[in-house]
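# Attaching a predicted model along with its sequence, questions to come.
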Amino acid sequence: MARDEGSLRVYDSPADVASALADLFIAKGNEALAARGRFTVSLAGGTTPKAAYALLGTQPRKIALDWTKTEIFFGDERCVPPDDAQSNYRMAREAFIDAVAIPPDNVHRIKGEIDPADAANAYRDEIVAALGDHPRLDLVLLGMGPDGHTASLFPGNDPTADDEALVRAVYSTSQQQWRVTLTPSLLNAARTIAFAVEGAGKAAMLERVRHGPYEPSTFPSQIIAPREGELLWLVDRAATGSVSA
């Protein structure tokens, strides 16, 4: 059976991708609020998400969502303090969290400043406390690296290792750094997963991930396949290259 490659949405520029991602955030948030009274979202790091977050922190989008009923999580984090320049939490906080009316307790950061294994266990416990024993996020935002990695699932390792742990510590040999990441079982439980990909330098990898042989240990982004949700690819025209929809 062919795998679900998801829906490809192509935009003219990275700025257009960021705008579409911000609009998707608001739309999925309001859908979740109408259906369940709460919106849960997992953020990604990266240039395009950062640009989208900046849009969320400005008018009119900053008042287009009930932030008091929004809960923010993170798909992964570098094992650095929260004020470190490499911190995904710091990036998101500066881009939009400080600008919107979200209660501090609704922002669930990964404690990158403590032991990586302890940080992973603590984050799993926090997610289960917030979302239950079978957590399901409304929206997961992801990026894709030029090596095919996503979140902190890197090539050369089985992305399903410790999958049922929901959150695990991982050492990135390419970046010589410990990280904490959500595992595929948690990511793939989401109602919607949206990749944001830009640039001609990622066109070949995007083609391999979406249409090439299924080799998730080599191309970890291939492991992303929502079990009962939708998979979206928001990409700029440069990233499409020879990619077919």
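Perfect, I can see it now.

# And the strands in this structure?
Assigned by DSSP state E, the strands in the chain fall at 7-11, 39-43, 70-74, 76-78, 139-143, 167-172, 177-182, 192-197, 230-236.

# Arg109: which of these is closest?
The closest of those to Arg109 is strand 70-74. By CB to CB, the value is 6.3 Å. Every residue, glycine included, has its C-beta placed from N, CA and C.

# Report the contact partners of the closest residue to Leu231 other than its chain neighbours.
Closest residue to Leu231 apart from its sequence neighbours, by CB to CB, 6 or more residues apart in numbering: Gly6 at 3.3 Å. For Gly6, the contact set (CB atoms under 8 Å, 6 or more residues apart in numbering) comprises 193, 195, 210, 230-233.

# Drop anything exposed from these.
Buried by 16 or more other CB atoms under 10 Å: 193, 195, 210, 231-233, out of those.

# Out of these, which comes closest to Thr173?
Phe195 (23.7 Å).

# Test my guess that the closest one contacts Leu234.
Yes - counting by CB atoms under 8 Å, Phe195 does reach Leu234; the two are 6.8 Å apart.

# Run through this protein and note the low-pLDDT ranges.
1-4, 242-245 (pLDDT under 70).

# Got the phi and psi for the residue nearest to Leu231?
Gly6 has phi and psi values of phi 80, psi 180 when expressed as degrees, to the nearest 10.

# do Gly212 as well
Dihedral angles (degrees, to the nearest 10) for Gly212: phi -80, psi 180.

# what's the burial count for the residue nearest to it when sequence neighbours are not counted?
The spatially closest residue to Gly212, leaving aside those adjacent along the chain, is Phe219, at 7.2 Å (CB to CB, 6+ apart). Counted by other CB atoms under 10 Å, the residues lying close to Phe219 total 22.

# can you check Ile114 too?
14.

# 45 is where my numbering starts, stick with that
Got it, the first residue is 45 from now on, which makes the last one we talked about Ile158.

# Not counting sequence-adjacent ones, nearest residue to Tyr55?
Val61 (4.9 Å).
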